[in-house]
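Q: A predicted structure for the sequence below; I have some questions about it.
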Amino acid sequence: MPDTLLESIASPEDLRRLPPEQLKLLAAELRDFLIDSVARTGGHLASNLGVVELTIALHYVYDTPRDRIVWDVGHQTYPHKILTGRRAAMAQLRQLGGIAGFPRRSESPYDAFGAGHSSTSISAALGMAEAFRQLNSAQRAIAVIGDGAMSAGMAFEALNNAGDSDLPLLVVLNDNDMSISPPVGALNNYLARLMSGRFYAAARSAGRRVLSHLPPIHELARRAEEHMKGMVTPGTLFEEFGFNYIGPIDGHDLDILLDTLANVRRLPGPQFLHVVTQKGRGFNPAEANPCLYHGVGKFDPKVGANAAAAGRVTYTQVFSDWLCDTAAQDDRLVGITPAMREGSGLVGFSERFPRRYFDVGIAEQHAVTYAAGLACEGIKPVVAIYSTFLQRAYDQLIHDVALQNLDVTFAIDRAGLVGADGPTHAGAFDLSYLRCIPNLLIATPSDENECRRLLSTAYLHPGPAAVRYPRGSGPGAAVTDDLEPLPVGQACLRRTGRDIALLAFGSMLAPALAAAQTLDATVVDMRFVKPLDLAMLRDLSARNALLVTVEENAVQGGAGDAVAQALAEMDLRPSLLHLGLPDRFIEHGDTALLLARCGLDAAGIEAAVRKRLGEVSE
């Protein structure tokens, strides 16, 4: 016999067998399990604690996995994973070989759609709802989206499309910052029940049929209904999109959730349910500081997590210090982030220079074109953005910034592998997708101090420039206080050897230097992918039998390909070996272990070179 109610739940089918009065106990046990589990593994906590009751209610009312729940971003899916047969697997959460921290279709039939980037849920769920209609299926599709994700244009594009249909799509807005609605009370809960009930829906439909024969009166009634609902709920916007708005309701009141969802499930057409929840619910430290507990490492639940981890300075901190120091000297500098103030290192800047700090929300496309507009008028914007999120603004980067040769600096964090966050957040492609863009300078610092100086180089460059750096700390180089730039396009010879030259880009310098000791190889810190140091390439080609490019980026189309193309254009034909991330998505796990598996540690570089030399000698 299971010791707890939670242990008796192996799937939502077990959940649906429980009487409703037991669900509150289940929620309490699920919340306790979440805190204990994430304390052991690390991961996202505050957002998951906030959706415990909502997750239970959705799986209780809907026939999952036949009915599809599409979670936005994925930071809120741990309760979902636990209730869908992965409770024991939480012990290996985000570890190599363990379950992912985000929904993944290959992991479970209950993960209807993979997620990692925000604001995709409504589009995907709408596609599923249309597919069900095409297949004459009674299955339902539900999108669960956070209020922060509603700031992205993609969400509104999907709302616009969905509201123009008659599909039975449910969009659940998880409003966990009280940023849209006033405090939830008994009146709002009552109105939500009323507006989701059959009587209200039937009366509304009948009224429309009767009044449709009297167009002026019908229009008057429609406007009166909208205005009345707008007075007591904040749903006028969503009604204008064509949704029936319901809410806001208390997302921690299971009775309200169950009644409302049961009613909504029977309604035709697109429905919008506004649910208010509290990040960190049930764990006092997370309630008090939900930002700290958004993503945490291992911690003692009795003590709580530390706000800052001890150790070497991170690249993000190097950027943060550089940004503040540069802003103090140049009042034209402004900092822009698409909702990643903490992750991108902009907290200090936002406090010191609040009028020059802009968080544009989860709107990467807007962030880039907004920066372009600023640059048009002589302001010098610095866009702090993760590599994986810059992908979402690729057209704006090309069309609005590079094509017009505007002076925008991109500080690209999380370049390369990102460990436990896995392939959705890995910056595996930026060198490949950036280097083909005209007018763009691309720099790859190999240590902390070089990062600071290359940021200055990019900032002083009179055109678009990008500096990409990895997550976490570097080799531990001392960082100077000056803001001196490095010469554009100039590589740095770090070691002189014989016959073999390792051309290292960014984070790969340290393992290249280690491998060079046993290979007696020359090592060059390339620093720039664009422009390349052509004089250095010409000299290396003349002096070495084998040139080896090493990068923490997809080997296809990356820095190595840039080197090969440059050598070919100079009519130089040395033997080349390109080392980088392989042509597959790299799983989540310890970053050092993953790099070793990709052959991008010292041992892997040495082995690849020796293998090539063996092939050449044959």
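A: That came in fine, so what should we check first? Numbering: from 1, shown residues only.
Q: can you point me to the longest strand in this structure?
A: Secondary structure of the chain per DSSP state E: the longest strand is strand 544-554.
Q: so how far is the following helix or strand past it off the chain centroid?
A: Next along the chain after strand 544-554, taking DSSP states H and E as the criterion, comes helix 559-569. Helix 559-569 has its average C-alpha position 32 Å from the chain's average C-alpha position, going by CA atoms, centre = their mean, to the nearest Å.
Q: same question for stretch 547-555.
A: With CA atoms, centre = their mean, you get 25 Å for stretch 547-555.
Q: now stretch 455-475
A: Counting by CA atoms, centre = their mean, stretch 455-475 comes out at 21 Å from the chain centroid.
Q: tell me, how many residues neighbour residue 88?
A: Residue 88 has 11 neighbours, counted by other CB atoms under 10 Å. Glycine gets a C-beta too; all of them are placed from N, C-alpha and C.
Q: so what's it up against?
A: Not one residue lies near residue 88 by CB atoms under 8 Å, 6 or more residues apart in numbering.
Q: let the chain start at 17 from now.
A: Sounds good: first residue 17 from here, last item residue 104.
Q: that older thread, partners of the longest strand of the chain, with directions?
A: Its sheet considered, strand 560-570 pairs with strand 515-520 (parallel), strand 591-597 (parallel) by DSSP bridges.
Q: in a markdown table, list these along with mean pLDDT and distance to residue 175.
A: Putting the strands paired with strand 560-570 into a markdown table (pLDDT from 0 to 100; distance: least, CB to CB, whole Å) gives the following:
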| stretch | mean pLDDT | distance to residue 175 |
| --- | --- | --- |
| strand 515-520 | 98 | 47 |
| strand 591-597 | 98 | 36 |
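Q: how about a markdown table for the ones you listed, with distance to residue 290 and mean neighbour count added?
A: Converted to a markdown table, those look like this (distance: least, CB to CB, whole Å; neighbours: other CB atoms under 10 Å):
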| stretch | distance to residue 290 | mean neighbour count |
| --- | --- | --- |
| strand 515-520 | 52 | 26 |
| strand 591-597 | 42 | 21 |
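Q: nearest to residue 171, out of these?
A: Of all these, it is strand 591-597 that lies closest to residue 171, at 30.8 Å by CB to CB.
Q: among the strands paired with strand 560-570, which is nearest residue 409?
A: strand 591-597 (22.0 Å).
Q: quick one: that closest one to helix 575-585, angle?
A: Interaxial angle of strand 591-597 relative to helix 575-585 (axes from the mean of the first three to the mean of the last three CA atoms, to 10 degrees): 160 degrees.
Q: dump strand 591-597 to PDB, restricted to CA.
A: Extracted in PDB, the C-alpha atoms of strand 591-597 (Å, rounded to 0.1, in the frame of the first residue of the first chain):
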ATOM      1  CA  SER A 591      44.800  19.900 -44.500                       C
ATOM      2  CA  LEU A 592      41.800  20.900 -42.400                       C
ATOM      3  CA  LEU A 593      40.000  19.300 -39.400                       C
ATOM      4  CA  HIS A 594      36.900  21.000 -38.000                       C
ATOM      5  CA  LEU A 595      35.900  20.200 -34.500                       C
ATOM      6  CA  GLY A 596      32.600  21.400 -33.000                       C
ATOM      7  CA  LEU A 597      29.200  20.400 -31.900                       C
END
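Q: contacting residues around that strand?
A: With contacts defined as CB under 8 Å, 6+ apart, strand 591-597 is touched by 432-433, 444, 524, 561-571, 574-577, 579-580, 583, 614-616, 620-621, 624-625, 628, 632.
Q: what's the first helix or strand after that strand?
A: Assigned by DSSP H and E, the successor of strand 591-597 is helix 607-613.
Q: of the contacts of strand 591-597, select the buried ones using a ChimeraX command.
A: In ChimeraX, this line selects whichever of the contacts of strand 591-597 come out buried by 16 or more other CB atoms under 10 Å:
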select :432,433,444,524,562,563,564,565,566,567,568,569,570,571,574,575,576,577,579,583,614,615,616,620,621,624,625,628
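Q: tell me the mean pLDDT over stretch 370-384?
A: The average of the pLDDT scores along stretch 370-384 is 95.
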